[in-house]
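Chemist: Sharing a model that was predicted from the sequence below.
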Amino acid sequence: MLTRSKFAGIALTLSLLVPVWFLVSALGVKFGLWSWRIGLGVLIIQWGPRLLLATAVIALVALILVLIRRPRAAWAAALVALIIPATGLGYLGWVRAQAADIPPIHDVATDIADPPALSPSLLSLRTAAEANPVGDLRAPLTAADPYRDPRFAKYGSKSLGQVGHEAYPGLRTAAFDAAPTKAFTAALKAAQGMGWTVVTQDPQAGVIEATAGTFWFGFKDDVVVRVRSGAGGQGSRVDVRSISRVGLSDLGANAKRIETYLARVSAGLKT
(Lines give C-alpha, C1' and ligand atoms only; values in the text may rest on other atoms or scores of the structure.)
Protein backbone atom coordinates (compact mmCIF):
# COMPACT_ATOMS: atom_id res chain seq x y z
CA MET A 1 0.00 0.00 0.00
CA LEU A 2 1.29 3.43 -0.95
CA THR A 3 1.28 5.50 2.22
CA ARG A 4 1.50 9.28 2.37
CA SER A 5 5.08 9.07 3.59
CA LYS A 6 6.09 6.80 0.72
CA PHE A 7 4.38 9.08 -1.77
CA ALA A 8 6.32 12.03 -0.35
CA GLY A 9 9.52 10.01 -0.71
CA ILE A 10 8.71 9.22 -4.33
CA ALA A 11 8.03 12.90 -4.99
CA LEU A 12 11.39 13.83 -3.46
CA THR A 13 13.20 11.21 -5.53
CA LEU A 14 11.61 12.49 -8.73
CA SER A 15 12.50 16.08 -7.86
CA LEU A 16 16.11 15.12 -7.19
CA LEU A 17 16.30 13.39 -10.57
CA VAL A 18 15.24 16.52 -12.45
CA PRO A 19 18.56 18.38 -11.88
CA VAL A 20 20.30 15.19 -13.04
CA TRP A 21 18.24 15.38 -16.24
CA PHE A 22 19.47 18.93 -16.93
CA LEU A 23 23.05 18.00 -16.01
CA VAL A 24 23.15 14.97 -18.29
CA SER A 25 21.49 16.93 -21.12
CA ALA A 26 24.21 19.59 -20.98
CA LEU A 27 27.18 17.27 -20.48
CA GLY A 28 25.94 15.01 -23.27
CA VAL A 29 26.41 17.92 -25.65
CA LYS A 30 29.83 18.73 -24.22
CA PHE A 31 31.12 15.18 -24.67
CA GLY A 32 29.52 14.62 -28.06
CA LEU A 33 26.87 12.10 -27.02
CA TRP A 34 24.25 14.10 -28.90
CA SER A 35 23.97 17.39 -30.77
CA TRP A 36 23.26 20.72 -29.10
CA ARG A 37 19.88 20.74 -30.85
CA ILE A 38 18.96 17.58 -28.94
CA GLY A 39 20.58 18.49 -25.62
CA LEU A 40 19.53 22.13 -25.45
CA GLY A 41 16.64 22.33 -27.87
CA VAL A 42 14.77 19.11 -27.05
CA LEU A 43 15.91 17.81 -23.66
CA ILE A 44 16.14 21.17 -21.90
CA ILE A 45 14.05 23.79 -23.71
CA GLN A 46 11.28 21.45 -24.85
CA TRP A 47 11.10 18.83 -22.09
CA GLY A 48 12.77 20.61 -19.18
CA PRO A 49 9.82 22.88 -18.24
CA ARG A 50 7.39 19.97 -18.60
CA LEU A 51 9.40 17.81 -16.21
CA LEU A 52 9.72 20.66 -13.73
CA LEU A 53 5.99 21.34 -13.84
CA ALA A 54 5.09 17.66 -13.52
CA THR A 55 7.36 17.10 -10.52
CA ALA A 56 6.08 20.31 -8.93
CA VAL A 57 2.48 19.08 -9.22
CA ILE A 58 3.38 15.68 -7.78
CA ALA A 59 5.28 17.33 -4.92
CA LEU A 60 2.40 19.71 -4.20
CA VAL A 61 -0.06 16.80 -4.04
CA ALA A 62 2.31 14.95 -1.71
CA LEU A 63 2.63 17.99 0.56
CA ILE A 64 -1.14 18.46 0.73
CA LEU A 65 -1.72 14.79 1.52
CA VAL A 66 0.87 14.93 4.29
CA LEU A 67 -0.53 18.09 5.88
CA ILE A 68 -4.28 17.42 5.74
CA ARG A 69 -4.23 15.05 8.70
CA ARG A 70 -2.02 13.74 11.44
CA PRO A 71 0.53 12.30 11.75
CA ARG A 72 2.25 14.77 9.46
CA ALA A 73 5.34 12.68 8.91
CA ALA A 74 7.49 13.29 5.84
CA TRP A 75 6.26 16.87 5.42
CA ALA A 76 9.86 18.07 5.12
CA ALA A 77 10.54 15.64 2.27
CA ALA A 78 7.42 16.80 0.46
CA LEU A 79 8.36 20.45 0.96
CA VAL A 80 11.87 19.95 -0.40
CA ALA A 81 10.39 18.02 -3.30
CA LEU A 82 8.28 21.08 -4.11
CA ILE A 83 11.04 23.64 -3.62
CA ILE A 84 13.39 22.00 -6.14
CA PRO A 85 11.16 22.20 -9.25
CA ALA A 86 9.67 25.52 -8.12
CA THR A 87 13.18 26.98 -8.02
CA GLY A 88 13.88 25.54 -11.46
CA LEU A 89 10.72 27.04 -12.90
CA GLY A 90 11.56 30.38 -11.33
CA TYR A 91 15.02 30.32 -12.88
CA LEU A 92 13.65 29.46 -16.32
CA GLY A 93 11.19 32.32 -15.99
CA TRP A 94 14.03 34.68 -15.10
CA VAL A 95 16.05 33.53 -18.12
CA ARG A 96 13.06 34.09 -20.42
CA ALA A 97 12.59 37.58 -19.00
CA GLN A 98 16.27 38.37 -19.54
CA ALA A 99 16.12 37.03 -23.09
CA ALA A 100 13.12 39.23 -23.87
CA ASP A 101 15.12 42.35 -23.00
CA ILE A 102 18.05 41.69 -25.33
CA PRO A 103 18.18 41.14 -29.10
CA PRO A 104 18.60 37.50 -30.19
CA ILE A 105 22.04 37.96 -31.74
CA HIS A 106 25.31 36.09 -31.30
CA ASP A 107 27.89 38.28 -33.06
CA VAL A 108 29.11 41.47 -31.38
CA ALA A 109 32.15 43.72 -31.72
CA THR A 110 33.56 46.90 -30.26
CA ASP A 111 34.13 48.47 -33.67
CA ILE A 112 31.15 47.99 -35.99
CA ALA A 113 32.39 50.30 -38.76
CA ASP A 114 35.58 48.28 -39.22
CA PRO A 115 35.07 45.08 -37.21
CA PRO A 116 37.94 42.64 -36.64
CA ALA A 117 37.88 40.02 -39.41
CA LEU A 118 38.30 36.29 -38.94
CA SER A 119 41.29 34.69 -40.63
CA PRO A 120 40.91 31.74 -43.04
CA SER A 121 42.28 29.47 -40.31
CA LEU A 122 39.57 30.43 -37.84
CA LEU A 123 36.88 30.36 -40.53
CA SER A 124 37.95 26.83 -41.44
CA LEU A 125 37.42 25.73 -37.84
CA ARG A 126 33.90 27.16 -37.94
CA THR A 127 33.20 25.46 -41.27
CA ALA A 128 34.42 22.12 -39.95
CA ALA A 129 32.10 22.49 -36.95
CA GLU A 130 29.15 23.44 -39.21
CA ALA A 131 28.90 26.70 -37.30
CA ASN A 132 26.77 29.73 -38.01
CA PRO A 133 28.01 31.74 -41.00
CA VAL A 134 29.87 34.92 -40.13
CA GLY A 135 27.59 37.84 -40.94
CA ASP A 136 28.42 41.37 -41.98
CA LEU A 137 28.06 43.66 -38.98
CA ARG A 138 27.44 46.57 -41.33
CA ALA A 139 24.56 44.91 -43.23
CA PRO A 140 20.89 45.37 -42.22
CA LEU A 141 19.96 42.72 -39.68
CA THR A 142 16.97 41.50 -41.67
CA ALA A 143 19.20 40.85 -44.69
CA ALA A 144 22.07 39.11 -42.89
CA ASP A 145 22.19 35.34 -42.75
CA PRO A 146 21.09 33.66 -40.43
CA TYR A 147 18.82 36.53 -39.36
CA ARG A 148 16.33 36.30 -42.22
CA ASP A 149 13.42 35.74 -39.90
CA PRO A 150 10.17 37.67 -39.31
CA ARG A 151 11.15 38.16 -35.66
CA PHE A 152 13.81 40.65 -36.72
CA ALA A 153 11.48 42.89 -38.72
CA LYS A 154 11.21 45.32 -35.78
CA TYR A 155 14.85 46.29 -36.23
CA GLY A 156 14.10 47.67 -39.68
CA SER A 157 17.19 48.82 -41.55
CA LYS A 158 19.49 48.75 -38.54
CA SER A 159 22.69 46.79 -39.01
CA LEU A 160 23.67 43.84 -36.87
CA GLY A 161 26.43 45.96 -35.37
CA GLN A 162 24.06 48.82 -34.53
CA VAL A 163 21.65 46.47 -32.77
CA GLY A 164 24.52 45.08 -30.72
CA HIS A 165 25.82 48.53 -29.76
CA GLU A 166 22.39 49.74 -28.73
CA ALA A 167 21.88 46.67 -26.56
CA TYR A 168 25.35 46.88 -25.00
CA PRO A 169 26.44 50.54 -24.67
CA GLY A 170 29.68 49.56 -22.94
CA LEU A 171 30.83 47.61 -25.98
CA ARG A 172 33.28 50.09 -27.48
CA THR A 173 36.92 50.29 -28.59
CA ALA A 174 39.28 50.41 -25.62
CA ALA A 175 41.97 53.11 -25.75
CA PHE A 176 45.17 52.82 -23.70
CA ASP A 177 48.23 55.00 -23.18
CA ALA A 178 50.52 51.98 -23.59
CA ALA A 179 52.35 51.32 -26.84
CA PRO A 180 50.78 48.71 -29.18
CA THR A 181 53.51 46.15 -28.42
CA LYS A 182 52.85 46.39 -24.70
CA ALA A 183 49.08 46.35 -25.24
CA PHE A 184 49.43 43.23 -27.42
CA THR A 185 51.36 41.43 -24.68
CA ALA A 186 48.69 42.34 -22.12
CA ALA A 187 45.95 41.30 -24.56
CA LEU A 188 47.54 37.90 -25.15
CA LYS A 189 48.07 37.33 -21.43
CA ALA A 190 44.45 38.25 -20.72
CA ALA A 191 43.20 35.81 -23.37
CA GLN A 192 45.30 33.00 -21.91
CA GLY A 193 44.20 33.94 -18.40
CA MET A 194 40.57 33.53 -19.39
CA GLY A 195 41.25 29.97 -20.48
CA TRP A 196 40.80 30.60 -24.19
CA THR A 197 42.49 28.35 -26.74
CA VAL A 198 44.68 30.69 -28.78
CA VAL A 199 44.52 29.87 -32.49
CA THR A 200 46.51 32.80 -33.89
CA GLN A 201 48.93 35.27 -32.32
CA ASP A 202 50.54 37.74 -34.71
CA PRO A 203 52.35 40.61 -32.94
CA GLN A 204 53.22 42.28 -36.23
CA ALA A 205 49.59 42.48 -37.34
CA GLY A 206 48.41 42.98 -33.77
CA VAL A 207 45.93 40.10 -34.09
CA ILE A 208 44.97 37.40 -31.62
CA GLU A 209 42.38 34.73 -32.46
CA ALA A 210 41.06 32.33 -29.88
CA THR A 211 38.23 29.97 -29.05
CA ALA A 212 36.35 30.19 -25.77
CA GLY A 213 34.30 27.27 -24.46
CA THR A 214 31.37 27.19 -22.05
CA PHE A 215 31.60 24.90 -19.02
CA TRP A 216 28.38 22.87 -19.11
CA PHE A 217 27.57 22.49 -22.80
CA GLY A 218 31.07 22.98 -24.17
CA PHE A 219 29.77 25.51 -26.70
CA LYS A 220 32.55 27.13 -28.73
CA ASP A 221 32.67 30.87 -29.33
CA ASP A 222 35.34 32.44 -31.51
CA VAL A 223 37.09 35.65 -30.47
CA VAL A 224 39.22 38.03 -32.55
CA VAL A 225 41.36 40.68 -30.83
CA ARG A 226 42.94 43.50 -32.81
CA VAL A 227 45.57 45.87 -31.38
CA ARG A 228 46.39 49.07 -33.28
CA SER A 229 48.10 52.38 -32.70
CA GLY A 230 45.94 55.06 -31.14
CA ALA A 231 44.88 58.33 -32.73
CA GLY A 232 47.86 60.29 -34.03
CA GLY A 233 50.11 57.32 -33.36
CA GLN A 234 49.84 57.83 -29.62
CA GLY A 235 49.03 54.90 -27.33
CA SER A 236 46.96 51.97 -28.56
CA ARG A 237 43.40 50.88 -29.15
CA VAL A 238 42.05 47.38 -28.74
CA ASP A 239 39.02 45.99 -30.55
CA VAL A 240 37.36 42.65 -29.92
CA ARG A 241 34.78 40.58 -31.76
CA SER A 242 33.11 37.53 -30.24
CA ILE A 243 30.90 35.15 -32.24
CA SER A 244 29.03 32.05 -31.11
CA ARG A 245 29.31 29.02 -33.35
CA VAL A 246 25.83 27.68 -32.66
CA GLY A 247 22.47 29.10 -31.69
CA LEU A 248 20.70 32.29 -32.72
CA SER A 249 20.89 34.12 -29.39
CA ASP A 250 23.79 34.18 -26.94
CA LEU A 251 21.75 35.76 -24.11
CA GLY A 252 24.41 38.45 -23.86
CA ALA A 253 27.30 36.05 -23.26
CA ASN A 254 29.55 37.43 -26.01
CA ALA A 255 29.16 41.04 -24.91
CA LYS A 256 29.85 40.09 -21.30
CA ARG A 257 32.93 38.14 -22.40
CA ILE A 258 34.32 41.15 -24.27
CA GLU A 259 33.70 43.54 -21.38
CA THR A 260 35.35 41.13 -18.91
CA TYR A 261 38.27 40.60 -21.26
CA LEU A 262 38.93 44.32 -21.83
CA ALA A 263 38.80 44.88 -18.06
CA ARG A 264 41.53 42.26 -17.69
CA VAL A 265 43.63 43.88 -20.40
CA SER A 266 43.29 47.22 -18.65
CA ALA A 267 44.25 45.69 -15.31
CA GLY A 268 47.25 43.97 -16.94
CA LEU A 269 48.54 47.25 -18.31
CA LYS A 270 48.40 48.85 -14.88
CA THR A 271 50.60 46.24 -13.23
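Modeler: It's in.
Chemist: So the most far-flung residue of the chain relative to its centre, which state does it fall into?
Modeler: Computed with CA atoms, centre = their mean, the residue of the chain farthest from its C-alpha average is residue 70, at 48.4 Å. When classified by DSSP: H, G, I helix; E, B strand; the rest coil, residue 70 comes out as coil.
Chemist: Need the phi and psi values for it.
Modeler: Note on residue 70: its backbone torsions stand at phi -80, psi 160 [degrees, to the nearest 10].
Chemist: out of everything not next to it in sequence, what's closest to residue 82?
Modeler: For residue 82, ignoring the flanking residues on the chain, the nearest one in space by CB to CB, 6 or more residues apart in numbering is residue 59 at 3.9 Å. The C-beta positions use only the backbone N, C-alpha and C, and glycine is treated the same way.
Chemist: before we move on, what about residue 63?
Modeler: Residue 63 sits nearest to residue 78 (CB to CB, 6+ apart), 4.0 Å away.
Chemist: Compute the distance between the one you found and residue 51, please.
Modeler: Per CB to CB, to the nearest Å, residue 78 is found 18 Å from residue 51.
Chemist: Between the two, point out the one with more neighbours.
Modeler: Counted by other CB atoms under 10 Å, residue 78 and residue 51 do not tie: residue 78 has more neighbours, with 29 against 19.
Chemist: quick one: which helix or strand includes the more buried one?
Modeler: helix 75-100 (DSSP states H and E).
Chemist: what packs against that helix?
Modeler: helix 4-30, helix 48-67 (3 or more CB pairs under 8 Å, 6 or more residues apart in numbering; DSSP states H and E).
Chemist: List the buried residues in that helix.
Modeler: Neighbour-count burial for helix 75-100, with 16 or more other CB atoms under 10 Å as criterion, is recorded at 75, 77, 78, 79, 80, 81, 82, 84, 85, 86, 88, 89.
Chemist: Quick check: the second one touching residue 11?
Modeler: Yes: the pair residue 77 and residue 11 passes the contact test of CB atoms under 8 Å, sitting 7.5 Å apart.
Chemist: Now do the helices in the stretch 151-271 of the chain.
Modeler: In the stretch 151-271 of the chain, the segments counted as helices under DSSP state H, counting those that start in this stretch are 160-167, 180-193, 253-270.
Chemist: Tell me which of these sits nearest to residue 243.
Modeler: helix 253-270 (6.9 Å; CB to CB).
Chemist: now the angle from the closest one to helix 180-193?
Modeler: Counting by axes from the mean of the first three to the mean of the last three CA atoms, to 10 degrees, helix 253-270 lies at 130 degrees to helix 180-193.
Chemist: ok, residue 104 to residue 164 distance?
Modeler: 11 Å.
Chemist: The two - which one has more neighbours?
Modeler: Higher neighbour count among residue 104 and residue 164: residue 164, with 24 against 16, using other CB under 10 Å.
Chemist: so what pLDDT did that one get?
Modeler: On the pLDDT scale, residue 164 is placed at 93.
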